[in-house]
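1. Predicted structure and sequence below. I'll ask about it afterward.
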Amino acid sequence: MSIFEDRPEFTLLVGPEKLLGESVMLAGHGGVNGGVNLCRRLYVRLCGATQNGDLDRLFAMRREIMQISRRVYLIAQYDWSCLKGLKCALSLLEICDDFMEESAMDSMY
């Protein structure tokens, strides 16, 4: 039973990757996760495993996501290191460059 079943206009999305599986398991709809930009199939498989009740697969993929997150999000030692690390990884995949607009960094404080 979902707390949102009487409120179809609501969508519950979680930000932290480490909570994605648990959120979907508890009737959440998905996530707004930076890592999905890097390895979307992994996140889709995690949600599928969660919806199918395959906890072994869920926890295995969660460990993989957390390992990727630690490597990408901690690349710099700044308050905004998660964004810088994500942009750096995406630049290596030639999706975007790793330049961060100074005004974007200022607005994060």
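-> Received it, and whenever you're ready, just let me know what you need.
2. I'd say His29 and Thr11 touch.
-> Yes: between His29 and Thr11 there is a contact under C-beta atoms under 8 Å: 4.9 Å. Backbone N, C-alpha and C define where each C-beta goes, glycine included.
3. Which one of these two is surrounded by more residues?
-> Comparing His29 with Thr11 by other C-beta atoms under 10 Å, the one with more neighbours is His29, at 14 against 10.
4. What residues does the more buried one make contact with?
-> Thr11, Leu12, Leu13 (C-beta atoms under 8 Å, 6 or more residues apart in numbering).
5. Cys47 too?
-> Residues in contact with Cys47, defined by C-beta under 8 Å, 6+ apart, are Leu20, Gly21, Val24, Gly30.
6. how about a cut-off of 7 Å?
-> Cys47 makes contact with Val24, Gly30 under the criterion C-beta atoms under 7 Å, 6 or more residues apart in numbering.
7. quick one: buried residues of the helix or strand hosting it?
-> Using DSSP states H and E, Cys47 sits in helix 40-51. Neighbour counts over helix 40-51 (16 or more other C-beta atoms under 10 Å) mark Leu42, Tyr43, Arg45, Leu46, Cys47, Ala49, Thr50 as buried.
8. Output the longest helix belonging to the chain.
-> helix 55-73 (DSSP state H).
9. Spell out for me which residue occupies the centre of the protein.
-> Asn33 (2.3 Å; C-alpha atoms, centre = their mean).
10. and the closest residue in space to that residue that isn't next to it in sequence, how many residues sit next to it?
-> Excluding the flanking residues, the one nearest Asn33 by C-beta to C-beta, 6 or more residues apart in numbering is Glu17, at 4.7 Å. Glu17 sits with 20 neighbouring residues when counted by other C-beta under 10 Å.
11. what's Glu17 sitting at in phi/psi?
-> phi -60, psi -40 (degrees, to the nearest 10).
12. In contact with it, which residues?
-> Per C-beta under 7 Å, 6+ apart, neighbours of Glu17: Asn33, Gly35, Ile65, Ser69.
13. Please report how far Asp98 lies from Arg57.
-> Asp98 is 33 Å from Arg57, where distance means C-beta to C-beta, to the nearest Å.
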